[in-house]
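A.B. asks: What shape does this take:
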Amino acid sequence: MYKNSILKKFSIVILLVVAAISCDSSNTNTPELEASLLSTASIDGYTVELFSENNLRSGYNNLYWKVSKDGEVIELDSFSAMPIMHMTQMSHSCPYTSPEMMSDFTDYYQSSANFIMPSGEMGYWEVQLEFTTKSNEAISGEIDIEVEPSWMITSAQSSNGNVYFISWYAPETPKTGNQDLAFMVHKRESMMSFPAVSDAELEVYPYMDMGGGEGHSTPFETPAATGAGMYEGSINYSMSGTWTTTVTVMTEADTSSAVTFEYSVRAQ
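C.D. replies: Model prediction:
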C-alpha cells in the first residue's frame, strides 16, 4: 500500500512538471503581437484585419495586417495597401510603405502610413487593398479607417514651390532627460505620390518660452539622414512644460520655410 501511494504521488509530480514545461514552452514560442484590432473587411471570401498599437492619427503609424479565409491565415505572394483620402472635389494619398511579412509574427504583414490630415468634415480615409495568393488568385477591395488629429505632422513649402511633409517620429512621448530626436521627410510629387527625401539637411531648434521675452533651448544633436526619409539625432530636455521645435528642410537646390511643432514635455 505504502509503495503504491509513493508511485501515485511520483506520477502526479511528473505530470505537473510536464504540464509546467509545456506551458512555459508555449509562452516562449508563441509571442503575442501587442496591437489592437482597428478595422475588418470581408473581400471575396477573405477576411482582412487591420491592427495597430494605437488609434490611427495624423503623422506616422505602424499598420499590421492579417489575411484569412475560413478561419485559416493565408500566406500571400504580393500585397499592397494604399491609403486614400476622399474629399468633395478630389482624392489624395499620403506617404506609405507596402506590407511585408513580419519575421517574428508570421501571421502578420507590417506596413506604415504617414497620414497628412485627419478624418472629419473635409473627407474620409480608406485603404485600397490588392493581394495575390499563393494559388495566383488576385483580390482587390478596401477597408475603412478613422484617423484622429495630432500635432505630429506638418507641411512646408519651399522657395521653388515644392511641398515637404515633416513627420515627428521620436520621442513619441517627450519627457525630461536624454532621448532620441527623429523626423521623417517626404516630398509631394503628385496627389498620389509622396517619396521619401533622404538627401537633405535639417535645421532644428528646440525652444521653451518662459514668458516676458525670456526663454531657452536645451542640449541636442541635430538629426542627420539615415535612409528612407529618416533623420535621427538626440535631445536632452532640461525641464518639463510646453516646448516648440522649428524645422527647416534644406537640399542642394531647395530650402523649405520653417515649420514649428508645439508639444508638452512631461517630467520623468
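A.B. asks: where along the protein do the helices fall?
C.D. replies: For the chain, the helices defined by DSSP state H cover 2-29.
A.B. asks: What are the structural domain limits within it?
C.D. replies: Per automatic domain parsing, the structural domains of the chain span 36-145, 153-265.
A.B. asks: what distance separates stretch 83-95 from the middle of the whole chain?
C.D. replies: Its chain's average C-alpha position is 19 Å from that of stretch 83-95, according to CA atoms, centre = their mean, to the nearest Å.
A.B. asks: Now it: average pLDDT?
C.D. replies: For stretch 83-95, mean pLDDT is 97.
A.B. asks: Let me have the domains of the chain in JSON lines, adding mean neighbour count as columns.
C.D. replies: No exception for glycine: its C-beta is placed from N, CA and C like everyone else's. Below are the domains of the chain laid out as JSON lines (neighbours: other CB atoms under 10 Å):
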{"stretch": "domain 36-145", "mean neighbour count": "16"}
{"stretch": "domain 153-265", "mean neighbour count": "16"}
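A.B. asks: quick one: low-confidence ranges for the protein?
C.D. replies: Residue ranges of the chain with pLDDT under 70: 1-31.
A.B. asks: Now do the contacts for Ala113.
C.D. replies: By CB atoms under 8 Å, 6 or more residues apart in numbering, the contact set of Ala113 is Leu56, Tyr60, Asn61, Leu63, Pro83, Cys94, Pro95, Tyr96, Thr97, Val127.
A.B. asks: residues in contact with the first one?
C.D. replies: I take that to be Leu56. Leu56 is in contact with Leu38, Ala113, Phe115, Ile145, Glu146, Val147, Glu148, counting by CB under 8 Å, 6+ apart.
A.B. asks: Distance of it relative to Asn114?
C.D. replies: 11 Å (CB to CB, to the nearest Å).
A.B. asks: and stretch 223-241, how far out from the chain's middle?
C.D. replies: 17 Å.
A.B. asks: ugh, typo on my part, it should be stretch 41-48
C.D. replies: 24 Å.
A.B. asks: Identify the bridge partners of the residue nearest to Trp65 when sequence neighbours are not counted.
C.D. replies: Spatial nearest neighbour of Trp65, excluding adjacent residues (CB to CB, 6 or more residues apart in numbering): Tyr109 at 4.4 Å. With DSSP bridges as the criterion, Tyr109 is bridged to Trp65, Met101.
A.B. asks: ok, Tyr109 touching Glu100?
C.D. replies: Yes: counting by CB atoms under 8 Å, Glu100 is a contact partner of Tyr109 at 6.2 Å.
A.B. asks: any common contacting residues for these two?
C.D. replies: Joint contacts of Tyr109 and Glu100 (CB under 8 Å, 6+ apart) are Phe79.
A.B. asks: circling back: which among the contacts of Ala113 gets closest to Ile43?
C.D. replies: Ile43 lies nearest to Val127 out of the contacts of Ala113, by CB to CB, at 11.6 Å.
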